[in-house]
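*Asks:* What follows is a predicted protein model with its sequence.
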Amino acid sequence: LFSHVFKTLKWVGKTTLIQKVTQALKSSGVPIDGFYTQEVREGGRRTGFDVVTLSGNRGPLSRVSSDSSASRREYRVGQYVVDLVSFEQLVLPMLRNVNHGGDTEKRICVIDEIGKMELFSQAFIQAVRQTLAGSGTVVLGTIPIPKGKPLDLVEEIRSRKDVKVFNVSKENRNSILQDILAAVESCRK
């Protein structure tokens, strides 16, 4: 038996899938909170990512930086500069609330995603661990497919016995929705 559901994916529409799962759960009255990351585009090119909470708040996660002389306090992934303050202000209060929900039924916490940008935040790492340890919350999250240097928290999640991992691909992304919903429902029991 598992109590959390994670998906690993390349860029194959993971946020769209998370949004579909979230909508289906919300419409069936399941208590759900969390966040997803959304691409920001200007003039047809990606300029960064925003964090969007399920309660409707939005803020920058990262933006393209043309300045190659990075300051020491800057967190970067490729061409993107991560806005740690914005990310933490949006995500940490929501994660703390999820952990202190007094509901009798298990709540769902959406975490899209636990990736390189998000893992610059030590407070986020700690909050995710606390959420996974809590018995009243089912985490529906996304983690990257392993490539390059392993990310400690991602590998820790992947190897947990109470985690069910779905590998999402272009081929299965449209047919896997029901499997994920069924897994989340069985976690709530």
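*Replies:* On my side now, so go ahead.
*Asks:* What residues does the most centrally placed residue in the chain make contact with?
*Replies:* What sits nearest the mean C-alpha location of the chain, by Cα atoms, centre = their mean, is D112, with 1.8 Å. By Cβ atoms under 8 Å, 6 or more residues apart in numbering, D112 lies in contact with 14-15, 18, 34-37, 141-142. Yep, even glycine has a C-beta here, placed from its N, CA and C like the rest.
*Asks:* Can you tell me who it pairs with across the strands?
*Replies:* Residues in a beta bridge with D112, per DSSP bridges, are Y36.
*Asks:* What separation is there between G115 and R107?
*Replies:* 23 Å (Cβ to Cβ, to the nearest Å).
*Asks:* okay, these two: which has more neighbours?
*Replies:* R107 (21 against 17; other Cβ atoms under 10 Å).
*Asks:* Next, the more buried one: phi, psi?
*Replies:* phi -90, psi 160 (degrees, to the nearest 10).
*Asks:* neighbours of the closest residue to it other than its chain neighbours, just the number please.
*Replies:* Among residues not flanking R107 along the chain, P31 sits closest, at 4.5 Å (Cβ to Cβ, 6 or more residues apart in numbering). For P31, the count of nearby residues is 16 (other Cβ under 10 Å).
*Asks:* ok, P31 to V98 distance?
*Replies:* For P31, the distance to V98 (Cβ to Cβ) stands at 9 Å.
*Asks:* Of all the contacts of D112, the one with the weakest confidence?
*Replies:* Within the contacts of D112, K14 has the lowest pLDDT, namely 78.
*Asks:* Now do the same contact list for that one.
*Replies:* Taking Cβ under 8 Å, 6+ apart, one finds 7, 112-113, 142, 168 in contact with K14.
*Asks:* Kindly report the same for H4.
*Replies:* For H4, the contacting residues are 132, 138-141, 157, 160, 162-164, 187, by Cβ under 8 Å, 6+ apart.
*Asks:* could you pull out the helices for this structure?
*Replies:* Ranges of helices in the chain, per DSSP state H, are 14-27, 84-99, 122-133, 152-158, 177-188.
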